[in-house]
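Trainee: sequence and computational prediction follow.
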Amino acid sequence: MKSIEDIEKLTVEELLQIANEDSVEVPSRLDARLKKVLAAAQVAEGIRDAAADKQRSFRRQRSWIFAAAAGIALVFGLVMNSVPKTPKDTFDDPYLAYAEIEKTFAFMSDKVDKGLDKAGTAAAAIKKADRIIDTITK
């Protein structure tokens, strides 16, 4: 077997002559190994395509979320513009008003916590998928 330096020094004619020789034996398992390598490459390409599709889907979903948020902000702005500037007092007792505010903030906090838990679970799954894709593509 020739070294890399010897092969690099060969001319094109010499390389063609070596390639046309029938005396070189091909390993018997080469065909099976090449098929496995090609199949693995196709699987990796499919995984990369699936990841790209998922990323496009995520971007599309994110754009819908931003569009919905912009719509909500617009409606909120229109409603707030039509509301009288001086608020109407609905409670006679300030302690009852404060208790109602605490109850409202507790409700909002509970909903935000549930949303953050779901987002944290999704982030872990996305990171795991990213690590798998990085491992396969390296």
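Mentor: Happy to help now that I have it. Predicted, not measured: the structure shown is a model, and the values here were computed from it.
Trainee: how far is the helix or strand encompassing A52 from where the chain is centred?
Mentor: Secondary-structure element containing A52, defined by DSSP states H and E: helix 30-82. Per CA atoms, centre = their mean, to the nearest Å, the displacement of helix 30-82 from the mean C-alpha position of its chain is 7 Å.
Trainee: and it, what does it pack onto?
Mentor: Contact partners of helix 30-82 among helices and strands, from 3 or more CB pairs under 8 Å, 6 or more residues apart in numbering; DSSP states H and E: helix 94-137. The C-beta positions use only the backbone N, C-alpha and C, and glycine is treated the same way.
Trainee: regarding F91, what is its secondary structure?
Mentor: Look at F91: counting by DSSP: H, G, I helix; E, B strand; the rest coil, its state is coil.
Trainee: which residue sits closest to it, ignoring its sequence neighbours?
Mentor: By the measure of CB to CB, 6 or more residues apart in numbering, the closest residue to F91 outside its immediate chain neighbours is A97, 3.9 Å from it.
Trainee: next, count neighbours for the one you found.
Mentor: A97: 13 surrounding residues under other CB atoms under 10 Å.
Trainee: hmm, it is touching T104, no?
Mentor: No - with contacts counted by CB atoms under 8 Å, A97 stays clear of T104, the gap being 10.7 Å.
Trainee: now the angle from the helix holding A52 to helix 94-137?
Mentor: Counting by axes from the mean of the first three to the mean of the last three CA atoms, to 10 degrees, helix 30-82 points 160 degrees away from the direction of helix 94-137.
Trainee: quick one: mean pLDDT for helix 30-82?
Mentor: The average pLDDT within helix 30-82 is 81.
Trainee: how close does the residue nearest to I133 when sequence neighbours are not counted sit to I132?
Mentor: The shortest distance from I133 to any non-neighbouring residue, by CB to CB, 6+ apart, is to A51 (5.0 Å). Using CB to CB, to the nearest Å, one obtains 9 Å as the distance from A51 to I132.
Trainee: which residue of the two possesses the greater neighbour count?
Mentor: The residue with the greater number of neighbours, taking A51 and I132 and applying other CB under 10 Å, is A51; the counts read 16 against 12.
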